[in-house]
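> Need coordinates for the below:
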Amino acid sequence: MDVWLKDEFKKLSKDQLVDFIHMASKNFWTLQNNWMFHIERRFGHDVAVELDATCYGRAMEVQTHRLKKFFDLKDDKKSLIQVLKFSLFGLYAEGMEYEVSGNRVIRRVRRCPMQLRRLEDGLPELLCKQALASTASKIARSINPAIKVISVMAPPDIHPRDLWCETIYEVK
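Numbering: from 1, shown residues only. All right, here's what the predicted structure looks like:
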């Protein structure tokens, strides 16, 4: 980061920095939503979902490596949760839940701004299960190859209105 920009950030209050980070995450998701909408419109839903799984999965894999370095994370459940919370998606989605049960970590999204926006615009749900499965496995593998994704629920799966997706990780 350029020195002048770092100096500008230092002038901001903690609340302003938090708000800026949230806005930057929303800006990323605005780009993601627009990219998906236009790829889907031009090339069809199947191609859009395939490209989303490839690009988003790779982005999250890189993000995981950066977060591990930034927070000096290990290869355990606590580190997995930390990465999930501080990922761009974790910063943007509302109603995120994390549950630890034995050797499992469960991540749930109760409100998905991207899906809700699509519905507001009269579009069908994005069938994001393939992208989520790709992303989840890359995050897990980047933290610890022994972490396995044992279950992914996301559209096109049937889901209740208050649960858009759920991923269950097993940490051995």
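> Quick one: residues in contact with the strand or helix carrying Glu170.
Assigned by DSSP states H and E, Glu170 belongs to strand 165-171. Residues from elsewhere that reach strand 165-171 (Cβ atoms under 8 Å, 6 or more residues apart in numbering): 76-77, 80, 103-109, 112, 128-129, 132, 136, 140, 144, 146-155, 159. In short, each C-beta sits where N, CA and C put it, glycine included.
> now stretch 86-102
21-22, 25-26, 28-29, 59-60, 63-64, 67, 71, 77, 81, 84-85, 105-113, 139, 162.
> Narrow these to those in helices?
Among these, the members falling in helices (DSSP state H) are 21-22, 25-26, 28-29, 59-60, 63-64, 67, 71, 77, 81, 84-85, 113, 139.
> before we move on, the earlier item: filter the contacts of strand 165-171 down to the buried ones.
If you count burial by 16 or more other Cβ atoms under 10 Å, the buried members of the contacts of strand 165-171 come out as 77, 80, 105, 107-109, 112, 128-129, 132, 136, 140, 144, 147, 149, 152-155, 159.
> Next step: the residues you listed restricted to strands.
Val105, Arg107, Arg108, Val109, Ile147, Val149, Val152, Met153 (DSSP state E).
> which pair in the residues you listed spans the largest distance?
Val109 and Ile147 (19.2 Å; Cβ to Cβ).
> What distance do you get for the residue nearest to Arg108 when sequence neighbours are not counted to Cys165?
Among residues not flanking Arg108 along the chain, Glu97 sits closest, at 4.3 Å (Cβ to Cβ, 6 or more residues apart in numbering). As judged by Cβ to Cβ, to the nearest Å, Glu97 and Cys165 stand 11 Å apart.
> More neighbours: which of the two?
Set Glu97 next to Cys165 and count neighbours by other Cβ atoms under 10 Å: Cys165 wins out with 21 against 11.
> Fine, thanks again, bye for now.
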